[in-house]
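**Student:** Output the structure for:
(one chain, ligands or ions: 1)
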Amino acid sequence: MVLNSLSLFRALLFLSLATSAFSMRPYKEGLTPYFYDYVCPQALPAIKRVVEAAVQQERRMGASLLRLHFHDCLVNGCDGSILLDPTPTIDSEKLAFPNNNSARGFEVIDQIKAEVDRACGRPVVSCADILAITARDSVVALGGPSWKVQLGRRDSTTASRTTANSDIPAPNMDLPALVSNFERQGLKVKDLVALSGAHTIGFAQCFTFRNRIFNDSNIDQALAKNLQSYCPRTGNDANLASLDPTPARFDILYYNNLLTQKGLLHSDQALSTGESALELVKSYSYNYEAFWKDFAKSMIRMGNIKPLIGNQGQIRSNCRRVN
Ligand code: HEM
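**Tutor:** You can find the predicted model right below:
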């Protein structure tokens, strides 16, 4: 009798695992790190391989990929909308001011998508999830923290250049504007300060920090002079400067720099202008553990912005186009 109920239990357990493994019903309850565990356990390792190869080929790519997830999430939620190419019906976010001639890494996302669909045998992993996983793997590839990525997002069938222009923060913003921009997304000051730490990697073009190096007063004078030599008052708009002294390492120098007025963007240095933000900057400037822990937490919070789940949206076959 005992044996019989045990076998019945096993049979039921098998049946429930089998149905979740083979049914392609979208998950309705929200995001979970285990979303692809049964559907395609090869998905996450496949993504990691491509990201590692891309970052090895060009260290900056890790930064560019992390930024794509941020710019995706801030525009109507993390729904892969940033990846859609322009068509007569798609108002592509790629053409919005913060992305145009600036957002990069789209070819790597295409490569990941092709690789993942091949590994899974069919398109089961959304482009929005690919961006979230890619962001984490990029941070890890550059020596930063890891975290369990929440998964199960679906892809949008629309994009909005207008919303990208209005909702992605600009480098000339002061602290109150940055705080209210993040608050509109349900993110707090702590998220703002921790996530801005993403600027520990990557580069910015001259036109994004020109006003700061010529007109700001809260900038280290030697740094300003030095930058002015290859980012003059006019021209050389696309010249690059690293966002912190170690642009390929996910360290705490970004925060150290802010304490000595060496932030590259006006919006970076703005974090040292308010009491609660400055306290966080100070603590991250000497405490890797605090920065890494809060960064990981805030990435998960950002990744939870308005995902499409259940029957919403679709799983695109090509991240650049709606099906
Ligand atoms: C807080 C407000 C933010 C502003 C105003 C801002 C602005 C900018 C600007 C102007 C650039 C340079 C773009 C270019 O010159 O082409 C940049 C680069 C970058 N941003 Fe932000 N950003 C912000 C927050 C974030 C967040 C939250 C993340 C990620 C979690 C992020 C990740 C990056 C990365 C990694 C780069 C370097 C990209 C590369 O080298 O290709 N940023 N950001």
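**Student:** Which residues of the stretch 51-200 of the chain lie near the ligand?
**Tutor:** 60, 63-64, 66-67, 70, 102, 104, 169-171, 173, 178, 192, 195-196, 198-199 (C-beta under 6 Å from any ligand atom). Using the backbone N, CA and C atoms, a C-beta is placed for each residue, glycine as well.
**Student:** again, only this time at 5 Å
**Tutor:** Those residues of the stretch 51-200 of the chain that sit near the ligand, judged by C-beta under 5 Å from any ligand atom, are 63-64, 66-67, 70, 102, 169, 171, 195-196, 198.
**Student:** Now do the strands in this structure.
**Tutor:** 203-205, 240-242 (DSSP state E).
**Student:** which ones are touching residue 159?
**Tutor:** 75, 81-82, 84, 90-93 (C-beta atoms under 8 Å, 6 or more residues apart in numbering).
**Student:** any idea of the pLDDT on it?
**Tutor:** What the model reports for residue 159 is a pLDDT of 98.
**Student:** what does residue 30 give?
**Tutor:** 87.
**Student:** Not counting its neighbours along the chain, what's nearest it?
**Tutor:** residue 309 (6.2 Å; C-beta to C-beta, 6 or more residues apart in numbering).
**Student:** What's the local residue count around the one you found?
**Tutor:** Neighbour count for residue 309, taken as other C-beta atoms under 10 Å: 16.
**Student:** Against residue 290, how distant is it?
**Tutor:** Residue 309 sits 32 Å away from residue 290, going by C-beta to C-beta, to the nearest Å.
**Student:** residues in contact with residue 272?
**Tutor:** Residue 272 makes contact with 218, 258-259, 261, 263, 278, 281 under the criterion C-beta under 8 Å, 6+ apart.
**Student:** Distance of residue 233 relative to the ligand?
**Tutor:** Distance from residue 233 to the ligand, counting by C-beta to the nearest ligand atom, to the nearest Å: 18 Å.
**Student:** That residue contacts residue 214, correct?
**Tutor:** Yes. Residue 233 is within contact range of residue 214, at 6.5 Å (criterion: C-beta atoms under 8 Å).
**Student:** more crowded one of the two?
**Tutor:** More neighbours surround residue 214 than the other of residue 233 and residue 214, with 14 against 9 (other C-beta under 10 Å).
**Student:** okay, the closest residue to residue 181 other than its chain neighbours: pLDDT?
**Tutor:** Spatially, and ignoring its direct neighbours in sequence, residue 181 is nearest to residue 169 (4.7 Å; C-beta to C-beta, 6+ apart). Listed pLDDT for residue 169 reads 98.
**Student:** For residue 169, grab phi and psi.
**Tutor:** Backbone torsions of residue 169, given as degrees, to the nearest 10, read phi -60, psi 150.
**Student:** Count the neighbours of it for me.
**Tutor:** Residue 169: 18 neighbours (other C-beta under 10 Å).
**Student:** quick one: it and residue 74, what's the gap?
**Tutor:** 8 Å.
**Student:** now residue 92
**Tutor:** For residue 92, the distance to residue 74 - C-beta to C-beta - is 16 Å.
**Student:** just residue 128 next, same as before
**Tutor:** Plainly put, residue 128 is 13 Å away from residue 74 if you go by C-beta to C-beta.
**Student:** If you count surrounding residues, which of residue 92 and residue 74 has more?
**Tutor:** More crowded of residue 92 and residue 74, by other C-beta under 10 Å: residue 74, with 24 against 20.
**Student:** And that one, how far from residue 182?
**Tutor:** 9 Å.
**Student:** try residue 159
**Tutor:** When residue 159 is compared with residue 182 (using C-beta to C-beta), they lie 22 Å apart.
**Student:** Next, count neighbours for the closest residue to residue 108 other than its chain neighbours.
**Tutor:** In space, and not counting its chain neighbours, residue 108 is closest to residue 54: 4.7 Å by C-beta to C-beta, 6+ apart. Using other C-beta under 10 Å, the number of residues around residue 54 comes to 24.
**Student:** for residue 54, what are its contacts?
**Tutor:** Residue 54 makes contacts with 61-62, 65, 105, 108, 111, as judged by C-beta under 8 Å, 6+ apart.
**Student:** Please dump these into TSV; it should also carry neighbour count for every row.
**Tutor:** What follows is the contacts of residue 54, written out as TSV (neighbours: other C-beta atoms under 10 Å):
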residue	neighbour count
61	23
62	30
65	28
105	24
108	22
111	14
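**Student:** Show me which pair in these is furthest apart.
**Tutor:** 62 and 111 (14.7 Å; C-beta to C-beta).
**Student:** pretty sure residue 155 is touching residue 317, no?
**Tutor:** No. Using C-beta under 8 Å, residue 155 makes no contact with residue 317, being 9.9 Å away.
**Student:** who's more crowded, the two?
**Tutor:** Of the pair residue 155 and residue 317, residue 155 is the one with more neighbours under other C-beta under 10 Å, namely 25 against 14.
**Student:** which non-adjacent residue is nearest the residue of the chain found nearest the ligand?
**Tutor:** In the chain, the residue found nearest to the ligand is residue 202; the distance is 2.4 Å by C-beta to the nearest ligand atom. Spatial nearest neighbour of residue 202, excluding adjacent residues (C-beta to C-beta, 6+ apart): residue 63 at 2.8 Å.
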